[in-house]
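**Q** quick one: sequence and predicted model below, then my questions.
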Amino acid sequence: MSSPSLRAASNGTGSCAAVHPEVPVRVEYTLTGAGCTLRGPLGALEEWSIAHLSNVSAAQEAYDRAHRPPPPASTERDT
């Protein structure tokens, strides 16, 4: 792969993008060494999310019920 087609994450981001000169253009993203260090913390976040999914869902539903806009005022028409 030529160097112009590989955009290294030199600005401190955790990923690289390899652009393939095809039609349509194909881009492959990979993690850099720095990006790979996020696997542990993100894995822990995933585990926490799975373990607490029902609590989070219940809290979201309660919030949605409490903040639901009132129904529009009904108007009766003579028929």
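**A** Thanks, I have the structure now.
**Q** need phi/psi at residue 20.
**A** phi -100, psi 130 (degrees, to the nearest 10).
**Q** tell me, what's the model's pLDDT at it?
**A** Note on residue 20: pLDDT of 89.
**Q** so how many other residues sit close to the closest residue to it other than its chain neighbours?
**A** Leaving out its chain neighbours, the residue that sits closest to residue 20 by Cβ to Cβ, 6 or more residues apart in numbering is residue 26, at 4.3 Å. Just so you know, the C-beta spots here come from the backbone N, C-alpha and C atoms, and that holds for glycine as well. By other Cβ atoms under 10 Å, the residues close to residue 26 number 10.
**Q** number of residues surrounding residue 19?
**A** By other Cβ under 10 Å, neighbour count at residue 19 equals 14.
**Q** which other helices and strands does the host helix or strand of it contact?
**A** Assigned by DSSP states H and E, residue 19 falls within strand 15-20. Contacts defined by 3 or more Cβ pairs under 8 Å, 6 or more residues apart in numbering; DSSP states H and E place strand 15-20 against strand 6-7, strand 26-31.
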